[in-house]
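Chemist: take this sequence and fold it.
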Amino acid sequence: MAGFALTWRTFIAIKANKVRCTDRGIFSLFGPMCGLDVLVVLALLCAASCCCCVYCVNGLTSNRRYLRRVACMCICASSAGAIYVLTHPTRYTEVPTWKPPTLDSPYDEWRMSSATRSPPNGGGAAAGAMNLTARLHDAVRQHGRRFHIARPYKHAVIDELLPMDIVDAVAAELPDESQSGCPHWATKCYLQKGSEYQKKELAPEAFGPATRALFRELRSARFVRFLEDLSGVSGLFPDPAYQGSGVHITSDGGYLNVHADFNARHLQPVMHRRVNMFIYLTPGWQEEYGGHLELWNRRMDKCEQRILPSYGRFVVFRSDSFSYHGHPLPMRLPPNVMRRSIAFYYYTKTRPRRECLDAKCKLHSTLFQVSRCGECAAPACRNASGVSAGARRAPVGVPRES
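Modeler: The predicted model follows:
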C-alpha cells in the first residue's frame, strides 16, 4: 500500500509540475531521475510488490517446504523495502526547462530602455526588425553552401551581419579602458599565465540596454531559425544562462590557447553544445594587434584559418570535440584598446556519434591542445590563405581538461 500511495503522489506531482526530479529516498539507489522516469520506476516497484505478494500467499499455503522458505524471505525483503520507503521520504525539486524564446526584434527593449536614442535606421522597431530579417535571409543564401564546405570544419565568417547601429550601441556600452587587476564589472578574470590570460568576463548585471536587447535577439526564435538554416543543425536551443558565454574582454598581452569547448550542459535533460558564434566589438582593429581567431584541423598539425576580429564581424561554427580554435598569440595592443567580443552557444538534445571522442559521447570539459607544428605562422603550419610571419606564441602548459 505504501508503494501504491507513493506512486499516486508522484503521478500527481508530475502532472501538476510537468518536470520534477529527485535523487532522494529509494531513488538514491538509481541516481537523479526526472519526470516520467520516476513514475516508471515506481510502477515497476509496485508491480514487483504485487507479484511478490501473490507468490508469498501461494508459497505459505503450499505443502512444499522450500516454497514456504522463499515466501518468508520475500516477506522479509518486502518489509525492509517498505520500512526504507516510509523512513526515507522522497523529495522533489524543480529543474530548468528549455523553452525557445519568441522575441521578434531586439529593438523593443532597446527603445523602451533608452528613450533619448533615435530609432534605428530612421524607421523605428518595425523597420529595424525587417532590416535584420532580410540580412539573415541574405546571409543564409550567400554563406549556406560555403559553411558546409569550409575547412578545417564547418564555419562561416560574415561581416556586418547585424545592422551597424546595433553594433555601435552595444560597443558604446562596453568598458573601453584597460584596468590592472580584476575590475569591478567582471565576474571572472584570468590574470595568471596558463591556458588563457588577461581575459575578463563582463557581469550580466553590468549589461546596458542595447547589450541586453542583443542577447534577447540571439535567443529569439528568428535568430535560432537562421542558425538552423545556416548550420544544418535542427532543434537548437539557446543558452538559457551565461555558462562560458557572454561578453569577453581581453587586454594587452592576453591570449586563449587552442582548445575544443566543453560539449554539454549538465541540466535535465543533458543538452549537447552544437553551434558557437562570436561577434567582435572593437572599432578600428588593426592587423598588427593580433588576436586572430585560429581554426586548427583535427590532427593539430595545420592552422587552416586565421580570422581577424574586425569590428562587427560575425563568426559561427559547428562545435564538437574536434573543433579546435583559439587566439594563442599574445596581443600587442595600444593603451585603452581591448579585444571585445560576444560569445554565445546553442544546444540540442542529442548529437551524432561522429562528433564525439568516443562512441558513447561522454561529457567533457574544455580540452586544451598543443600544436604539432609550432605556431600558426610556422612554415609547417601554413595554409592556402597564408599567415603573417613573426608572430609570438603564448606559453603553453601541460594539456589539461578544465
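Chemist: for residue 334, grab the count of nearby residues.
Modeler: 10 (other CB atoms under 10 Å). Bear in mind the C-beta positions are built from the backbone N, C-alpha and C, glycine included.
Chemist: for it, give its distance to residue 211.
Modeler: Per CB to CB, to the nearest Å, residue 334 is found 24 Å from residue 211.
Chemist: give the residue spans of the protein that score low on pLDDT.
Modeler: For the chain, residues meeting the criterion pLDDT under 70 lie at 1-46, 48-49, 51-65, 67-68, 78, 81-130, 266-268, 382-402.
Chemist: could I get the full set of helices for it?
Modeler: Secondary structure of the chain (DSSP state H): helices at 2-17, 36-60, 65-87, 107-113, 124-149, 164-173, 209-218, 221-231.
Chemist: how about the contacts made by residue 260?
Modeler: 320-325, 366-367, 369 (CB atoms under 8 Å, 6 or more residues apart in numbering).
Chemist: of those residues, which is the nearest to residue 170?
Modeler: Residue 170 has its nearest neighbour among these in residue 325, at 22.7 Å by CB to CB.
Chemist: grab the nearest non-local neighbour of the closest one.
Modeler: Distances taken as CB to CB, 6 or more residues apart in numbering put residue 295 closest to residue 325, at 5.3 Å, once the chain neighbours are dropped.
Chemist: for that neighbour, give its distance to residue 285.
Modeler: 18 Å.
Chemist: and for residue 374?
Modeler: Distance, residue 374 to residue 285, by CB to CB: 25 Å.
Chemist: what do you get for residue 319?
Modeler: 24 Å.
Chemist: ok, those two, which is more surrounded?
Modeler: Each of residue 319 and residue 285 has its neighbours counted (other CB under 10 Å); residue 319 has more, 27 against 20.
Chemist: does the more buried one really touch residue 276, like I thought?
Modeler: Yes: judged on CB atoms under 8 Å, residue 319 makes contact with residue 276 at a distance of 4.6 Å.
Chemist: break this protein into its domains for me.
Modeler: Per automatic domain parsing, the domain ranges recorded for the chain read 2-87, 107-381.
Chemist: pick the most buried one from these.
Modeler: The highest average neighbour count among the domains of the chain, using mean count of other CB atoms under 10 Å, belongs to domain 107-381 at a mean of 18.
Chemist: OK, contacts around the closest residue to residue 226 other than its chain neighbours?
Modeler: Of all residues not flanking residue 226 in the chain, residue 136 sits nearest, at 4.2 Å (CB to CB, 6+ apart). By CB under 8 Å, 6+ apart, the contact set of residue 136 is 161, 222-223, 226.
Chemist: among the residues you listed, which pair sits farthest apart?
Modeler: 161 and 222 (13.0 Å).
Chemist: how far away is residue 363 from residue 77?
Modeler: Relative to residue 77, and taking CB to CB, residue 363 is found at 36 Å.
Chemist: same check on residue 317?
Modeler: Taken as CB to CB, the span from residue 317 to residue 77 is 55 Å.
Chemist: go on, residue 282?
Modeler: Taking CB to CB as the measure, residue 282 falls 68 Å from residue 77.
Chemist: equivalent analysis for residue 192, please.
Modeler: Remark: distance between residue 192 and residue 77 (CB to CB) = 56 Å.
Chemist: ramachandran angles for residue 320?
Modeler: phi -150, psi -170 (degrees, to the nearest 10).
Chemist: skipping adjacent residues, who's closest to it in space?
Modeler: Distances taken as CB to CB, 6+ apart put residue 355 closest to residue 320, at 3.6 Å, once the chain neighbours are dropped.
Chemist: so that neighbour makes contact with residue 321?
Modeler: Yes: because the distance of 6.4 Å satisfies CB under 8 Å, residue 355 is recorded as touching residue 321.
Chemist: contacts only, for residue 356.
Modeler: So residue 356 contacts 263, 320-321, 362 (CB under 8 Å, 6+ apart).
Chemist: format those as a markdown table; extra columns: distance to residue 290.
Modeler: Converted to a markdown table, the contacts of residue 356 look like this (distance: CB to CB, whole Å):
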| residue | distance to residue 290 |
| --- | --- |
| 263 | 28 |
| 320 | 27 |
| 321 | 27 |
| 362 | 35 |
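Chemist: and which of the residues you listed is nearest residue 231?
Modeler: residue 320 (11.8 Å).
Chemist: residue 199 versus the closest one, what's the distance?
Modeler: Distance from residue 320 to residue 199, by CB to CB: 23 Å.
Chemist: what's the answer for residue 377, then?
Modeler: Residue 377 is 22 Å from residue 199, by CB to CB.
Chemist: before we move on, back to that, OK, contacts around the residue nearest to residue 325?
Modeler: Per CB under 8 Å, 6+ apart, neighbours of residue 295: 152-153, 155, 303-307, 317, 323-325.
Chemist: list the ones among those residues that fall in strands.
Modeler: Among the contacts of residue 295, the members falling in strands are 155, 303-307, 317, 324-325 (criterion: DSSP state E).
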